[in-house]
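K.L.:
Sharing a model prediction with you, sequence too.
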Amino acid sequence: MTARRNFKRQVRARAAKTGESYTSALRHFRPTPSGDVMSEAKNPQSVRLAVAQTLVREDPRDVEALRESGREVRALMREASAQGARLVHFPEGAICFPNKFVMSVDGPDAVGPADWDRCQWPVLQSELAAIAELARELRLWTVIASVHRLTEPNRPHNSLYVISDRGAVVTRYDERLLSKTKISYMYSPGVSPVTFEVDGVRFGCLLGMEIHYPELWAEYEKLDVDCVLFSTSGTPGNTAAQAQGHAAVNSYWVSLSVASQHSATAPSGIVAPNGHWLARCPADGSPSVAVVNLDDSSEAAADAVTYGRPWRREASAGIYTEHQVIDPRSEDRTAAF
């Protein structure tokens, strides 16, 4: 705590002397493990991120609905680009989130195995291709959710495509911990985490119901990500509070992208590594984007990134063992006061 106070005091002193903001002054300092400060550190990596909320449509048989979703996504891509975003992140079902009753062979009143022949695959693929082409034109990394078709008779994956600023799919994340309905009737689960980098900032991906599984979020901390992109069409419980908790516990940014239908209770937004919201989309149901800079020199991130994550790693590596003692009053759990 003393080292942290001293560090902040030096940053504020520079800001007062030069007239800079705290964030600008912070760029000139880097604390060492001993708590000393080295000045004129190299600028940290930074990227400008846009998180989107879109109207999620649920019938993959409806050609016009698929086309409208594609148009909406591309309009928000242009808006994000106009605001200087380097990467834009969309919710689960951004093109379509197939409804379990619509897809059910036992439907429309009962849930059963999904009939994926009902999906207008050529239309879905053409919309994704148009999105990839616009990503290339705008030089905008785009993370977009979609159903990923597998070889029959295998069920598809529920996936996040990572499209680079050259318009190429560079990786894909497949939802691993699916809901009971998804795993029973609709999708094949994924098998591994996925990371990628944009301008030196490392991202991880999660999807669907995975907000409820802290082990997946801890896994990305161990993979040294700077930000987790979580896309959902809407999950039970307090999704926004959980996103804040995962960010604070793991000391990384969290981008929460949700369907605009759920924005009244959980609008899309970006959480800083200290658990505070940096920006959120409107809570009025409108398709929109919120844009922020992910920069670990910011005051919102400095303490969590500089101190929180390194200390937790050191603490969990066994540093307490050498301080443990054998003492009768320690072993006797019923010892008097």
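P.N.:
Perfect, I can see it now.
K.L.:
so where's the stretch 1-150 of the chain uncertain?
P.N.:
Judged by pLDDT under 70, the stretch 1-150 of the chain has its weakly predicted residues at 1-44.
K.L.:
Now do the same contact list for the nearest residue to residue 179 once chain neighbours are set aside.
P.N.:
Excluding the flanking residues, the one nearest residue 179 by Cβ to Cβ, 6 or more residues apart in numbering is residue 209, at 5.0 Å. For glycine as for every other residue, the C-beta is placed from the backbone atoms N, C-alpha and C. Applying Cβ atoms under 8 Å, 6 or more residues apart in numbering, we find residue 209 in contact with 175, 177, 178, 179, 182, 232, 235.
K.L.:
how much space is there between residue 87 and residue 128?
P.N.:
Residue 87 sits 17 Å away from residue 128, taking Cβ to Cβ, to the nearest Å as the criterion.
K.L.:
for residue 250, same thing?
P.N.:
With distances taken as Cβ to Cβ, residue 250 is found 31 Å from residue 128.
K.L.:
And for residue 193?
P.N.:
Counting by Cβ to Cβ, the gap from residue 193 to residue 128 is 23 Å.
K.L.:
what does residue 86 give?
P.N.:
In this view, residue 86 and residue 128 are 21 Å apart by Cβ to Cβ.
K.L.:
next one: residue 262
P.N.:
Distance, residue 262 to residue 128, using Cβ to Cβ: 23 Å.
K.L.:
Same check on residue 215?
P.N.:
Look at residue 215 and residue 128: by Cβ to Cβ, they are 31 Å apart.
K.L.:
Look at the two and report which has more neighbours.
P.N.:
More neighbours surround residue 128 than the other of residue 215 and residue 128, with 19 against 8 (other Cβ atoms under 10 Å).
K.L.:
and the residue nearest the centre of the chain, what does it touch?
P.N.:
Residue closest to the mean C-alpha point of the chain, counted by Cα atoms, centre = their mean, is residue 229 at 1.6 Å. The contact partners of residue 229, by Cβ under 8 Å, 6+ apart, come to 89, 143, 160, 203, 204, 205, 206, 255, 257.
K.L.:
Now intersect those with the strands, please.
P.N.:
Filtering those for membership in strands, criterion DSSP state E, returns 89, 143, 160, 203, 204, 205, 206, 255, 257.
K.L.:
and these, which two are the farthest apart?
P.N.:
204 and 257 (13.9 Å; Cβ to Cβ).
K.L.:
between the two, which one's more packed in?
P.N.:
Each of residue 204 and residue 257 has its neighbours counted (other Cβ under 10 Å); residue 257 has more, 31 against 24.
K.L.:
Ramachandran coordinates for the closest residue to that one other than its chain neighbours?
P.N.:
Among residues not flanking residue 257 along the chain, residue 91 sits closest, at 4.2 Å (Cβ to Cβ, 6+ apart). The phi/psi pair for residue 91 (degrees, to the nearest 10) reads phi -80, psi 170.
K.L.:
One more: residue 282?
P.N.:
Torsion angles, degrees, to the nearest 10, at residue 282: phi -60, psi 150.
K.L.:
Specify the residue ranges that define each domain of the protein.
P.N.:
Domain ranges of the chain: 2-42, 46-204+286-316, per automatic domain parsing.
K.L.:
Now render these as TSV, adding distance to residue 326.
P.N.:
As requested, the domains of the chain are exported to TSV (distance: least, Cβ to Cβ, whole Å):
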stretch	distance to residue 326
domain 2-42	30
domain 46-204+286-316	22
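K.L.:
Looking at those domains, which one is packed in the most?
P.N.:
domain 46-204+286-316 (a mean of 19; mean count of other Cβ atoms under 10 Å).
K.L.:
now do the same end-to-end measure for that one.
P.N.:
For domain 46-204+286-316, the separation between the terminal residues is 28 Å (Cα to Cα, to the nearest Å).
K.L.:
swap in stretch 254-262?
P.N.:
Distance across stretch 254-262, first residue to last, is 18 Å (Cα to Cα).
K.L.:
mean confidence for it?
P.N.:
Averaging pLDDT along stretch 254-262 gives 95.
K.L.:
Show me which residues of that stretch are buried.
P.N.:
Residues 254, 255, 256, 257, 258, 259, 260, 262 are the ones in stretch 254-262 that count as buried (16 or more other Cβ atoms under 10 Å).
K.L.:
Residue 161 contacts residue 146, doesn't it?
P.N.:
Yes: using Cβ atoms under 8 Å, residue 161 makes contact with residue 146 at a distance of 6.2 Å.
K.L.:
where do the contact lists of those two overlap?
P.N.:
Taking Cβ under 8 Å, 6+ apart as the contact rule, residue 161 and residue 146 both touch residue 128.
K.L.:
Could you identify the longest helix within the protein?
P.N.:
Ranked by residue count under DSSP state H, the longest helix found in the chain is helix 63-82.
K.L.:
Alpha carbons of that one, as CSV, please.
P.N.:
Once non-C-alpha atoms are left out, helix 63-82 reads as follows in CSV (Å, rounded to 0.1, in the frame of the first residue of the first chain):
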residue,chain,number,x,y,z
VAL,A,63,-34.3,-14.3,-45.6
GLU,A,64,-35.3,-10.7,-45.2
ALA,A,65,-34.6,-10.8,-41.5
LEU,A,66,-31.1,-12.2,-42.1
ARG,A,67,-30.5,-9.5,-44.7
GLU,A,68,-31.7,-6.8,-42.3
SER,A,69,-29.4,-8.1,-39.5
GLY,A,70,-26.5,-7.9,-41.9
ARG,A,71,-27.4,-4.3,-42.9
GLU,A,72,-27.7,-3.3,-39.2
VAL,A,73,-24.3,-4.9,-38.4
ARG,A,74,-22.6,-3.1,-41.3
ALA,A,75,-24.1,0.3,-40.3
LEU,A,76,-22.7,-0.1,-36.8
MET,A,77,-19.4,-1.1,-38.2
ARG,A,78,-19.3,2.2,-40.1
GLU,A,79,-20.3,4.1,-37.0
ALA,A,80,-17.6,2.4,-34.9
SER,A,81,-15.0,3.2,-37.6
ALA,A,82,-16.2,6.8,-37.8
